[in-house]
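Participant: Dropping the sequence and predicted coords here.
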Amino acid sequence: MQVVTLVDRSARVVRLSVIVAILTVLPMLVALRAFDQAHAQTFDAVVDRSCVGSCRAESPEVRVEQDRLEKAGLVCSRTPTLTDHVVVEDAKGRASTVTFDQALRRSADGDVWVRRYCSRS
């Protein structure tokens, strides 16, 4: 009889442990879900604003800046990619290299056109 009692007690302990674990994890999941819904940022689409509105031809400085970056070992493309080297052109035709965040912010403000995305191959 002692073996049966020991098995019964063990089964109860396992059941109780599972119930406690579920009751502990469930509120955490609910809280995490509520936090995610309250603070998560979603984006429907990334819009390539390199040529919106008053689109114009690239200045020769864009090619010079691209050549400088390619000599440094980067590969440049017009295809949008996440990178820290984005060639932008301002309204006066001056080209410069900025980070992706800066390019996104400045192009959204209409200050620059995004011309190239350069990254390590």
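Facilitator: Looks like it arrived, so ask away.

Participant: so where does the nearest residue to residue 77 once chain neighbours are set aside fall, helix or strand?
Facilitator: Ranked by Cβ to Cβ, 6 or more residues apart in numbering and with sequence neighbours excluded, the top spatial neighbour of residue 77 is residue 117, at 5.7 Å. All C-beta spots, glycine's among them, are computed from the backbone N, C-alpha and C. Using DSSP states H and E, residue 117 sits in strand 112-120.

Participant: Where does residue 27 fall, secondary structure wise?
Facilitator: helix 2-39.

Participant: What mean pLDDT does the helix or strand just after that helix get?
Facilitator: Downstream of helix 2-39, the next assigned helix or strand under DSSP H and E is helix 60-71. The average pLDDT within helix 60-71 is 92.

Participant: Show me what helix 60-71 is packed against.
Facilitator: Where contact means 3 or more Cβ pairs under 8 Å, 6 or more residues apart in numbering; DSSP states H and E, helix 60-71 is packed against strand 74-77, strand 85-90, strand 95-98, strand 112-120.

Participant: tell me how far it is from the chain's mean position?
Facilitator: Relative to the centre of its chain, helix 60-71 is centred 26 Å away, using Cα atoms, centre = their mean, to the nearest Å.

Participant: between it and strand 112-120, how many degrees?
Facilitator: On the basis of axes from the mean of the first three to the mean of the last three Cα atoms, to 10 degrees, helix 60-71 is oriented at 20 degrees to strand 112-120.
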